[in-house]
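J.: Task: produce atomic coordinates for the following.
(one chain, ligands or ions: 1)
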Amino acid sequence: MIAWIHGRQVGYDDVGSGDPIVFLHGFPHRRTLWAPQLGAIMVRARCIAPDLRGFGETPPAGPYSMDRYADDVAELLDHLRVERAVVCGLSMGGYVAFSLWRLHPDRVRGLVLMDTKATADTAEGLQKRKDMIALTQERGSSAVADAMISGMVGKSTRERCPEIVDAMHSMLESAPVEGIVGALEALMKRVDSTPTLATITVPTMIVVGEEDALTPVKDSEALHAGIAESRLEIIAHAGHVSNFERSAAVNHVLSEFLAGISLS
Ligand code: MLT
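T.: Reported below is the predicted structural model:
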């Protein structure tokens with residue numbers, strides 16, 4: 001679907017009924033990352049999945065920052081007349097979820113932090129982002145997809161499920177250059193969310209693929225240690241896009257979590 005919000009086009013899905021859950025994709029994905037969840041969870045919840053600015057059907061428009069993406073999500077919730085929602089973010093979507101919690105805590109009914117982490121980029125990480133910006137500008141999105149695909153999916157998926165690897169490669173390759181560069185700038189300037197963890201008072205589940213090479217299990221263990229009464233789920237044989245690689249396992253823990261916080 002397309003919404004026009006303050007004159008800006010926003011692509012999103014809004015399916016199912018019940019209490020709302022918003023799905024925030026990672027870098028450099030689009031909302032179709034969540035197709036396996038929407039199909040399963042829409043029977044119990046209203047599932048909203050936007051394309052963050054610069055991805056999918058939401059055209060690029062600077063400035064880019066985690067706070068700007070979070071404000072975009074809040075504006076979409078306003079547009080859809082949704083007061084409060086569970087916010088489920090994968091990787092960069094998790095960074096946006098932290099911003100949403102800081103800027104609009106009254107909109108957040110619960111959190112699902114998937115294959116993500118609290119910390120900001122290290123000096124080495126910042127250099128890699130700069131190299132990625134140069135690669136994107138010089139050689140385009142397919143070079144980015146080639147560079148990222150092996151870190152994006154886990155070893156088991158690479159060995160056993162070539163169709164999932166191909167689908168993820170196509171998604172990465174379809175991201176526009178401007179959206180990729182904008183997101184890299186936002187990633188580079190994001191703040192350390194570690195101090196935010198102790199402020200989180202809504203039900204929170206942390207999910208991570210056991211083979212996640214980009215935000216490894218230890219990053220999720222740190223989130224679990226920092227967020228009171230949080231739940232940690234480690235998904236066997238999955239990498240960084242655990243929801244895409246082992247969708248049935250992720251849908252199972254997601255359904256349990258939603259039932260536990262009495263969403264219909
Ligand atoms: C993502 O999947 O969103 C990225 O791996 C996030 C990051 O590079 O920090």
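
J.: What ranges does the stretch 51-200 of the chain have for its helices?
T.: If DSSP state H, counting those that start in this stretch is used as the criterion, the helices of the stretch 51-200 of the chain fall at 66-79, 92-103, 123-139, 141-152, 155-160, 162-173, 177-189, 194-197.

J.: Tell me which of these sits most buried.
T.: By mean neighbour count, with neighbours taken as mean count of other Cβ atoms under 10 Å, helix 92-103 ranks first of these at a mean of 25. For glycine as for every other residue, the C-beta is placed from the backbone atoms N, C-alpha and C.

J.: Show me the contact partners of that helix.
T.: For helix 92-103, contacts defined as Cβ atoms under 8 Å, 6 or more residues apart in numbering pick out 23-27, 52, 66-67, 69-71, 73-74, 87-89, 107-108, 111, 113-118, 183, 186-187, 190, 193, 196, 199-200, 202.

J.: Could you dump the helices of the stretch 51-200 of the chain into TSV with distance to the ligand and mean pLDDT added?
T.: Shown next, in TSV, are these (distance: least, Cβ to the nearest ligand atom, whole Å; pLDDT from 0 to 100):
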stretch	distance to the ligand	mean pLDDT
helix 66-79	11	98
helix 92-103	3	98
helix 123-139	8	98
helix 141-152	7	98
helix 155-160	15	98
helix 162-173	10	98
helix 177-189	5	98
helix 194-197	15	98
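
J.: Nearest to residue 227, out of those?
T.: The minimum distance between residue 227 and the helices of the stretch 51-200 of the chain falls on helix 194-197, with 5.1 Å, by Cβ to Cβ.

J.: Now the following helix or strand past that closest one: average pLDDT?
T.: Using DSSP states H and E, the helix or strand that follows helix 194-197 towards the C-terminus is strand 204-209. Averaged over strand 204-209, pLDDT sits at 98.

J.: is the very next helix or strand once past strand 204-209 up against the ligand anywhere?
T.: Downstream of strand 204-209, the first helix or strand assigned by DSSP H and E is helix 217-226. No: Helix 217-226 lies out of reach of the ligand by Cβ under 6 Å from any ligand atom, never closer than 10.1 Å.

J.: and helix 217-226 with helix 92-103, angle?
T.: Compare the direction of helix 217-226 with that of helix 92-103 by axes from the mean of the first three to the mean of the last three Cα atoms, to 10 degrees and you get 20 degrees.

J.: distance between helix 217-226 and the chain's centre?
T.: 17 Å (Cα atoms, centre = their mean, to the nearest Å).

J.: Stretch 110-128 too?
T.: Distance of stretch 110-128 from its chain centroid, counting by Cα atoms, centre = their mean, is 11 Å.

J.: So for that stretch, first residue to last residue, what's the gap.
T.: 32 Å (Cα to Cα, to the nearest Å).

J.: Repeat that for stretch 80-100.
T.: Start-to-end span of stretch 80-100 (Cα to Cα) is 17 Å.

J.: Same check on stretch 78-97?
T.: 17 Å.

J.: And stretch 186-193, by the same measure?
T.: Start-to-end span of stretch 186-193 (Cα to Cα) is 14 Å.

J.: who's in contact with that stretch?
T.: 27, 64-66, 68-69, 92, 95, 98, 118-121, 126, 129-130.

J.: Try it again at 7 Å.
T.: 27, 64-66, 69, 92, 95, 98, 118-121, 126, 129 (Cβ atoms under 7 Å, 6 or more residues apart in numbering).

J.: Export these as JSON lines, with columns for distance to residue 1.
T.: Below are these laid out as JSON lines (distance: Cβ to Cβ, whole Å):
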{"residue": "27", "distance to residue 1": "23"}
{"residue": "64", "distance to residue 1": "23"}
{"residue": "65", "distance to residue 1": "25"}
{"residue": "66", "distance to residue 1": "24"}
{"residue": "69", "distance to residue 1": "19"}
{"residue": "92", "distance to residue 1": "22"}
{"residue": "95", "distance to residue 1": "25"}
{"residue": "98", "distance to residue 1": "26"}
{"residue": "118", "distance to residue 1": "32"}
{"residue": "119", "distance to residue 1": "35"}
{"residue": "120", "distance to residue 1": "34"}
{"residue": "121", "distance to residue 1": "34"}
{"residue": "126", "distance to residue 1": "36"}
{"residue": "129", "distance to residue 1": "32"}
